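# Please find the sequence and the predicted model below.
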Amino acid sequence: MTSSSEGEILQVGQVIRERWKIKAKIGGGGFGEIYEATDVQNHHERVAIKVESSKATKQVLKMEVAVLRRLQGKKHACKFYGCGRNDKFNYLVMSLQGKNLADLRREAPKQCFSLNTAVRVGMQILNGIREIHSIGFLHRDVKPSNFAMGRTAQTMRNVYMLDFGLARQYLNAKGEIRSPRSAAGFRGTVRYAAVTAHKNKEMGRQDDLWSLFYMLTEFLQGQLPWRKIKDKDEVGKMKEEADLNILLEECPDELHLFAAHLKTLGYADTPDYCYLESLLNKIISENDIKWDDPYDWELG
Ligand code: ADP
């Protein structure tokens, strides 16, 4: 990554609100740019700052702030430190995490994780998804680069959910399920999107879990059959027609049951998170996996 260049919203050395000093750009993609910074008012604690240009046609940071605030105190949420805006940009300051799961998988030998690592990371993601659903929101972009491991001794074995830019409230103020729209634009990332999204239908809670299912498959196999196909409709068709016996070749039987449960769910249904958790727990106990085993990237 370049440290400063034209077109970037913040410059290294810049201080926001006399408090957060920009150190480096660490990500930038879809909607915003992510910077590492230090808190000069608090022992130079390292933080992450997500910024969005005021000129951006799609303003999503407001949604991110709303979701992250409601998630405070949950295990898989970054700490919220502040937010604000000026005439040039909107910003969100949160705790700085370590590497995301897409980078960790790509750095792994054979680009896959062991069953031991995949199932424990999968369990944490399942719980993270359950947390966001519990506050009435869908994530709608569940994918490996939107989950990161912690960075400090206390947090490095915990998975954090990132990026609520595509989140959507599925409950209204009364706590009832909002009526689904008859058509909704495609949201998310082609490789991990649920078939519902490919069909431009309103997404439900099960669709975040379908994305987790595709992630788990990719973690274990190192790839998904549609990895090289760019055409959204073609990928949607492949997912719909996928033979799970081939997709899940050499994966534990419990993943078939995982998908079978998701197949029973429609927009308004509440997924049986406890059942899905019990399936992953079964893989853990049958394979003698322990929670304090090292993760693949911790093995030297
Ligand atoms: P975008 O919406 O632009 O895709 P994301 O929020 O998905 O931005 O972040 C992009 C990348 O930046 C992530 O994949 C991750 O590697 C990094 N990142 C985002 N938030 C943090 C954070 N709090 N700590 C560390 N890295 C982060």
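Received, thanks.
# Which helix or strand contains residue 119?
Residue 119 belongs to helix 115-134 when assigned by DSSP states H and E.
# Let me see the ranges of the helices in this structure.
Using DSSP state H, the helices found in the chain span residues 61-70, 101-107, 115-134, 195-198, 205-221, 232-241, 244-247, 254-263, 273-286.
# counting contacts, what elements does the first one pack onto?
This points to helix 61-70. Here helix 61-70 is seen to pack against strand 45-53, strand 80-85, strand 89-95 when contacts are counted using 3 or more C-beta pairs under 8 Å, 6 or more residues apart in numbering; DSSP states H and E. In this view, the C-beta of every residue, glycine as well, is placed from N, C-alpha and C.
# change it to 10 Å
Contacts of helix 61-70 with other secondary structure elements, assessed using 3 or more C-beta pairs under 10 Å, 6 or more residues apart in numbering; DSSP states H and E, are made with strand 45-53, strand 80-85, strand 89-95, helix 115-134, strand 137-138, strand 168-169.
# Strand partners (parallel or antiparallel) of the last one?
In the sheet containing strand 168-169, the strands it pairs with under DSSP bridges are strand 137-138 (antiparallel).
# which residues sit against the partner strand?
Residues external to strand 137-138 that are found in contact with it (C-beta atoms under 10 Å, 6 or more residues apart in numbering): 63, 66-67, 70-71, 129, 131-132, 164, 166-171, 187, 202-208.
# give me every residue that touches residue 297.
In this structure, residue 297 makes contact with 98-99, 101, 103-105, 107-108, 113, 117, 149, 156, judged by C-beta under 10 Å, 6+ apart.
# what's the burial count for the residue of the stretch 101-250 of the chain found nearest the ligand?
For the stretch 101-250 of the chain, the residue closest to the ligand is residue 163, as judged by C-beta to the nearest ligand atom, at 3.4 Å. The number of residues packed near residue 163 is 25, by other C-beta atoms under 10 Å.
# Can you report how many residues neighbour the closest residue to it other than its chain neighbours?
In space, residue 163 comes closest to residue 146 once its chain neighbours are excluded; the distance is 4.6 Å by C-beta to C-beta, 6 or more residues apart in numbering. Residue 146: 24 surrounding residues under other C-beta under 10 Å.
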